[in-house]
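Asker: using only what follows, build the 3D model:
(chains A and B)
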There are 2 protein chains.
Amino acid sequence: MNDVGRRTGRRPGKQDTREAILAAARQVFAERGYTGATIRTIAASAGVDPALVHHYFGTKEQLFTATINFPVRPDHLVAEVFGGGTAEVGERLVRTFLRVWDSPAGAAGVALLRSAVASEQGARLMREFVTTQLLRRAMRQLAVDPAEVPTRAALVASQMAGLAVARYLLRIEPLASAPADTVVALIAPTLQRYLTGPLPPTPGAGP
Amino acid sequence: MNDVGRRTGRRPGKQDTREAILAAARQVFAERGYTGATIRTIAASAGVDPALVHHYFGTKEQLFTATINFPVRPDHLVAEVFGGGTAEVGERLVRTFLRVWDSPAGAAGVALLRSAVASEQGARLMREFVTTQLLRRAMRQLAVDPAEVPTRAALVASQMAGLAVARYLLRIEPLASAPADTVVALIAPTLQRYLTGPLPPTPGAGP
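Answerer: All right, here's what the predicted structure looks like:
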């Protein structure tokens, strides 16, 4: 479908190549999910060399955030929130989340969440990218039992997704219009407990 | 558009009339929201007497749940969860929520949530029905400051919506497959705090 990068008459411009890679990436991510997609497959689908994809977009994570028009680097956000240790990590998580979603970048978040809720393809991308890649990896920086990380990440994802739905999509007052400080004070204790508090014993689990 | 209920040749059957009322109700709810829609307007739009709408569907709340194919009466659920007082109300709320969503009725919940996230009309219906009508009214049965009810209802809505998104739409493990008892143990403390725990002082509020 796409022959940008092959020599067919005029040499394609840099912008054409970037757009071709983005289009191929969107398709491959949708078809194979975040985990199944590779830079190599995306490059092949765009008809370019994998090195060119790395040159324009960096890592697979950066390429993915470019496909959803997310203007902030997730690894920078992760470092900001989780690099500061366990104390008050819940507060930093809500505060950083609100700073991004209250900014123009929030539109990309709303679009990602809408597509995640609307289709299985979108749900898989959100699940693999946000929960598995981003949250679980970030949580390895905290002093918590690695065996508990999936449960904690899922709980955090549930409250963050719910906050996004309530504040930005359903616009439920007073959460929709409350200043960031108020939302942080209300939600941070929940996230702190999910991230670092004691988890209840799992029914049926051994001693 | 709809002339069922007027005499045009054969007298319409009971099933036709029910369906005509439901179709009119869906349209009026979408156009005017839950609060703006009335039994009278819906009856007029369906070309029937308001008494017939009450006869077939009961209250506006029951008519609304019929339009979304929700097979459980919300007022019964509210009585079950909030009628038992403040102690362990968070636990009863998660348990009842999971019993409904884990059942075949969950499909109606998923559809409602999808439409709420996809469009402003759907968002307004969800906001007005679940938050304003259902949750706020239910919480008046608890011994909490009425001035705090909107904040508490919005917080509860955020965690419940997030649980539904994580467990049923994104299917984030282990939340997606965990038995109800496990989910109750993990989420109930959050809801108990949102419903009855101390709220942080609002920044900027006077002493």
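Asker: what helix or strand does the residue in chain A that chain B sits nearest to sit in?
Answerer: Closest to chain B within chain A is residue A:162: 2.2 Å, counting by Cβ to the nearest Cβ. Every C-beta, even on glycine, is put in place using the N, C-alpha and C of the backbone. Taking DSSP states H and E as the criterion, residue A:162 maps to helix A:149-164.
Asker: got the angle between that helix and helix B:149-164?
Answerer: Put simply, helix A:149-164 runs at 130 degrees to helix B:149-164, going by axes from the mean of the first three to the mean of the last three Cα atoms, to 10 degrees.
Asker: and the next helix or strand past helix A:149-164?
Answerer: That would be, after helix A:149-164 and using DSSP H and E, helix A:180-196.
Asker: ok, and the closest non-adjacent residue to residue A:105?
Answerer: residue A:71 (5.1 Å; Cβ to Cβ, 6 or more residues apart in numbering or on different chains).
Asker: doesn't residue A:108 make contact with the one you found?
Answerer: Yes. The pair residue A:71 / residue A:108 is scored as a contact, 7.1 Å apart, by Cβ atoms under 8 Å.
Asker: the two - which one has more neighbours?
Answerer: Looking at residue A:71 and residue A:108 with other Cβ atoms under 10 Å in any protein chain shown, you find the greater number of neighbours at residue A:108, namely 17 against 13.
Asker: could I get the pLDDT score of the more buried one?
Answerer: At residue A:108, the model reports a pLDDT of 84.
Asker: how far away is residue A:147 from residue A:200?
Answerer: Distance of residue A:147 to residue A:200, computed by Cβ to Cβ, to the nearest Å: 15 Å.
Asker: buried residues in the longest helix belonging to chain A, which are they?
Answerer: Counting by DSSP state H, the longest helix found in chain A is helix A:14-36. Under the neighbour-count criterion of 16 or more other Cβ atoms under 10 Å in any protein chain shown, helix A:14-36 has A:17-18, A:20-25, A:27-30, A:32-34 buried.
Asker: can you pull out the low-pLDDT segments for chain A?
Answerer: Counting by pLDDT under 70, chain A shows low-confidence ranges at A:1-12, A:202-207.
Asker: run the last query once more with 80
Answerer: In the predicted model, chain A carries pLDDT under 80 at residues A:1-13, A:15, A:132, A:201-207.
Asker: find the residue at the geometric middle of it.
Answerer: Taking Cα atoms, centre = their mean, the centroid of chain A lies closest to residue A:130, which sits 3.9 Å from it.
Asker: report how many residues lie close to the closest residue to that residue other than its chain neighbours.
Answerer: Leaving out its chain neighbours, the residue that sits closest to residue A:130 by Cβ to Cβ, 6+ apart is residue A:157, at 6.3 Å. By other Cβ under 10 Å, 24 other residues sit near residue A:157.
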